[in-house]
Structure formats: structure tokens, C-alpha cells
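Asker: whatever this is, show me its structure:
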Amino acid sequence: MIILVFLGLSCLSAAGGILLYRHLTDRHSQETLEALRASAEDYLSVEPPQEPPVPPPDSAPEETVYEEEIQSTPEPTATPEPLENPYQDSFLANEDMAAWLVVPDTRIDYPVMWTPRDENYYLRRGFDGQADQNGCLILDTDSCVDPLTTNLIIHGHNMKSGAMFGDLDKYQEESFFQDHREMLLHTEDSLRTYEVIAVFRSQVYKKTDQVFKFYQFFQADTQEEFDDFYTNIKELSLYDTGVTAEFGDRFLTLSTCAYHVDRGRFVVVARETGCESVYAPFR
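Answerer: Numbering: from 1, shown residues only. Take a look at the predicted model:
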């Protein structure tokens, strides 16, 4: 009896130690991310420079301007000044960071790591490389932001706490999609915007299975390659988003674990709608 009690207490102590360790590592990782977000907010809070006021015209008599002169004088095209990248401190802090992903008005606000040498390096590590059960968002090895591939696939854990892609499956509800259509991806040189085009459940198949595998689409160099991807994601989508695409468009694919089947995945695909800002070099 004494031995059993001792073993029970030992197990409880070990379990308590593991829980405490996870709590401390999660807290450390959260503090690291909060510091990175705060750094970005500092840049975003800076007011853009104001254009100098245009002086009022003097009282000199106006000259007659003929239509021919107006047509032959093209208006100068203003070139927007490059902006400071709000996440430059994060890029400089870790060279493995490929981008920063934001889905406005959700908890998805994280760095995206890219390690072709070992795609799973950040599977259970935080931004600083320390142990973290949440891991990081991971850009698929076969995706690339420079040069930009047709499709960027980002993987993330489906955490019960809602961390990482724990809230991604809320896109199963069309009402959630309607309120969260837009996604933002900050790379080193630009801010790219996306609009959700398809939402579906899938899985990781066997190599021999002759089915559509969303996780194998990275580049569409031909109309046929594009059509195969586009047709399948539209057919699989849980509802019609009303968003369309054509050959030449680029995509962002977010993937997380799902439990409807073995090795299930829940997937949200968004179409790039533009490059909103160009960032000044900072390296």
C-alpha cells in the first residue's frame, strides 16, 4: 500500500511538473509574440508625412489655355514613397521568418516561419526556437515568397486554446466568412491582401491515391494546372463564396488538422487581390 501511494504521488508530481513546464513555456512564447506585435504597432501608429499645403493662386490675370495645350501636356504620375515595414524588427530578430499573417478581427496574428532545411523545425518550437507545444505557423517547403509561387501553403496547429489555427475551422460557418473575408500577408518587401475563395475539408492521402491533393499545388504555369486546382477547390467548398479567379492569379492556402477522418485537414483558400504597400529595404 505504501509503495502504491508513493507511486501515485510520484505520478502526480511528474504530471504537475509537466503541466507547470508547459505553462511556463507557453507564457514565455506568448510574451515573445506580444513583444513582436507591440513593435509592429509602434510602426503602424506613426502618422504618415503630410503633403505640404498648396498656396492660393495670386491675383495675376489668368492666361488663356487652349485645348490643344491641355491635351499635349500629360499629368505627372506620382510614385508612392516606400513605407517602413511594420514587422522589420521581427524579420531582423529571426532570419527564418518568411512573413507575418493577419486575419483581421481574429486571433490569427502570427509570424510565418520557413525552414527548407527542416520543415518540421518549428512544429513544437516558438519564434525564439524554444520548446512550445503551440509551435509556429509554417510555410510549406515548396512554397516561396521570393520569388513568389502561385500558391503559398501555411500549416498551423489546431489548438484547443484557439492559438495558431485553433479558430480556423470557424470558417465552416458562412456567416463567419462574411465577416472575415480578408487576409493580410506582410512579406519583407510588401503587404499582400487576399480574399477567401473556398473553404473545405480534406485529408492527407496515400501516395497511390488518385485524388485531388490540395497540398501538392504550388505553381500553375499552364491553364490546365490552374483549372485542375480551381475546379477542385470550388467543388469541395462547403459553400459558394461568390469569389472567382482566373489563370495568373495567386493564392494563399491555410491548412490545419481536422478530425472528420484519419489525417483530416481543414483548409481555407484565399485569392490574392493586390499588393497594397511596397516596403523600403531594411537589411
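
Asker: you'd agree residue 191 is in a strand?
Answerer: Yes - according to DSSP: H, G, I helix; E, B strand; the rest coil, residue 191 belongs to a strand.

Asker: state the distance from it to residue 146.
Answerer: 15 Å (Cβ to Cβ, to the nearest Å). Glycine gets a C-beta too; all of them are placed from N, C-alpha and C.

Asker: got it, and residue 185?
Answerer: Residue 185 is 13 Å from residue 146, by Cβ to Cβ.

Asker: got it, and residue 105?
Answerer: For residue 105 relative to residue 146 (Cβ to Cβ), the value is 29 Å.

Asker: the protein: strands as residue ranges?
Answerer: Taking DSSP state E, the strands of the chain run over residues 97-102, 109-113, 137-139, 151-155, 182-186, 190-203, 251-258, 264-278.

Asker: in the chain, which spans are helices?
Answerer: For the chain, the helices defined by DSSP state H cover 2-44, 67-72, 88-93, 174-179, 223-236.

Asker: contacting residues for residue 123?
Answerer: 135, 138 (Cβ atoms under 8 Å, 6 or more residues apart in numbering).

Asker: ok, 10 Å please
Answerer: For residue 123, the contacting residues are 113, 132-133, 135-136, 138, 155, 157, by Cβ atoms under 10 Å, 6 or more residues apart in numbering.

Asker: could you dump the residues you listed into a markdown table and include neighbour count, pLDDT and distance to residue 212?
Answerer: Formatted as a markdown table, the contacts of residue 123 follow (neighbours: other Cβ atoms under 10 Å; pLDDT from 0 to 100; distance: Cβ to Cβ, whole Å):
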| residue | neighbour count | pLDDT | distance to residue 212 |
| --- | --- | --- | --- |
| 113 | 24 | 98 | 27 |
| 132 | 23 | 96 | 33 |
| 133 | 17 | 95 | 32 |
| 135 | 22 | 97 | 27 |
| 136 | 28 | 98 | 28 |
| 138 | 25 | 98 | 22 |
| 155 | 24 | 98 | 18 |
| 157 | 20 | 98 | 24 |
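
Asker: now, among those, which is nearest to residue 263?
Answerer: residue 155 (13.0 Å; Cβ to Cβ).

Asker: who does residue 257 bridge with?
Answerer: residue 265 (DSSP bridges).

Asker: residue ranges with poor pLDDT in the protein?
Answerer: The chain contains residues with pLDDT under 70 at 4-26, 44-80.

Asker: now the most centrally placed residue in it: how far from residue 227?
Answerer: For the chain, the residue nearest the mean C-alpha position is residue 101 (3.0 Å; Cα atoms, centre = their mean). From residue 101 across to residue 227, the span is 27 Å (Cβ to Cβ).

Asker: I'd say residue 183 and residue 177 touch.
Answerer: No - contact criterion Cβ atoms under 10 Å: residue 183 and residue 177 do not qualify, at 11.5 Å.

Asker: between the two, which contacts overlap?
Answerer: 196, 268.

Asker: which of the two has more neighbours?
Answerer: Neighbours per residue (other Cβ atoms under 10 Å) separate residue 183 from residue 177, with residue 183 holding more: 22 against 19.

Asker: any idea what the more buried one is bridged to?
Answerer: residue 194.

Asker: neighbour count for residue 191 and residue 146, which is higher?
Answerer: residue 191 (21 against 9).

Asker: what about the closest residue to the more buried one other than its chain neighbours, distance to residue 234?
Answerer: Nearest residue to residue 191, sequence neighbours excluded (Cβ to Cβ, 6 or more residues apart in numbering): residue 277, at 4.2 Å. Noted for residue 277: a distance of 30 Å to residue 234, by Cβ to Cβ.
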